[in-house]
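Novice: what follows is a predicted protein model with its sequence.
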Amino acid sequence: MAFDFVYGMIGDAIEIEQYTGDESIVSIPETVEGKRVTSVKKYAFRECRGINEVILPDSIETIGSHAFYNCRRLKKITLSDRAADIGDGAFKNCDELSFVSMNMQLMKSGCIKGILEEINHEILFEFIYPEENGEIKSRIVFPKYMYQYNENTSAKIVWQETLGSGMHYRECMNFDGVDYKKYDENFHVAVALESAKTAEEIALNRLWYPYQLSKGAEDKYRQYVEKNLISILNRFISEEDMERIEFLGTLAMFTEANIDDLLALAYESEKPSITGYFMNYKHQNLKREEKLFEF
């Protein structure tokens, strides 16, 4: 593969100045000519509309202003929290950016804040935390927000109103990263202001990746998923998302009381593999106890 980057030196390190390739997935190397790549120059990827995913090495510390400006098909970025210096408009007009995977090496929040300040639509963050014997993941949804400007014409007063729960969730940051307790306390705001799908995704991701999840917050999320189980399953069945259907099974969401309804739902969707899953689940996990009668 051709080396599709123009680069230059900043001190003893390498800066990516421009991307010249046409790949949909772009991976920036950690070293060039034996020197560490530590920065992405401003405008380096501007107007690269064919890019779907960018993988930045853990060595990146700076992302210049408008570095990914108008990358309108960019959906996913992988990077580390060493990239604390993110310039103005770095992700401006990246309207499809929906997933950020971040290696938490320094346990700092600057990089998270830098991205969230650029993105006001809904976005899923994956945080990868180092552990003594490996790593542990967290996935959390940051809902959207938008500004609305209202005017009192007679008083010549204009004021700004924030719509959605996104700003509440974006304020769940402390010096070390995400304040998970504060994040979980915002769930009632998301339920009130966001779509059912967004609230469901918040609950499901916290249950699936329960990093720093308290028992009280877990119970709250489980109750919400149980209450909205049919809506959630309708979506997963339509998408044929067996992985997430099976995850609901690990949460013991399928019971004697609802399994026949779920079987009917799967059958009506004409998805034989999902119908088969529910039949097997019922057979293996919900065996009825035989009643014994004494005479």
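Specialist: Alright, I've got the coordinates. Since the structure is predicted, the reported quantities are computational estimates derived from the model, not experimental observations.
Novice: can you map out the strands along the stretch 51-200 of the chain?
Specialist: 53-55, 62-63, 76-80, 85-86, 99-103, 123-131, 134-142, 146-152, 157-163, 173-174, 177-178 (DSSP state E, counting those that start in this stretch).
Novice: break down the protein into its helices, ranges please.
Specialist: 110-116, 166-170, 180-185, 187-193, 196-208, 215-227, 229-238, 242-250, 259-268, 272-285 (DSSP state H).
Novice: need these in TSV with mean pLDDT, mean neighbour count and distance to residue 32, can you?
Specialist: (Glycine included, C-beta is placed from N, CA and C.) Output for these, formatted as TSV (pLDDT from 0 to 100; neighbours: other C-beta atoms under 10 Å; distance: least, C-beta to C-beta, whole Å):
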stretch	mean pLDDT	mean neighbour count	distance to residue 32
helix 110-116	91	20	22
helix 166-170	95	21	35
helix 180-185	98	17	37
helix 187-193	97	16	43
helix 196-208	98	20	36
helix 215-227	98	15	45
helix 229-238	96	17	44
helix 242-250	97	14	38
helix 259-268	93	16	52
helix 272-285	94	14	47
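Novice: for residue 4, find the nearest of those helices.
Specialist: Closest to residue 4 of these, according to C-beta to C-beta: helix 110-116, at 24.0 Å.
Novice: quick revisit: any chance of the strands of the stretch 51-200 of the chain in a markdown table, plus mean pLDDT and mean neighbour count?
Specialist: Shown next, in a markdown table, are those (pLDDT from 0 to 100; neighbours: other C-beta atoms under 10 Å):
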| stretch | mean pLDDT | mean neighbour count |
| --- | --- | --- |
| strand 53-55 | 98 | 18 |
| strand 62-63 | 96 | 24 |
| strand 76-80 | 97 | 20 |
| strand 85-86 | 94 | 19 |
| strand 99-103 | 97 | 19 |
| strand 123-131 | 96 | 16 |
| strand 134-142 | 96 | 17 |
| strand 146-152 | 64 | 10 |
| strand 157-163 | 62 | 10 |
| strand 173-174 | 88 | 13 |
| strand 177-178 | 92 | 22 |
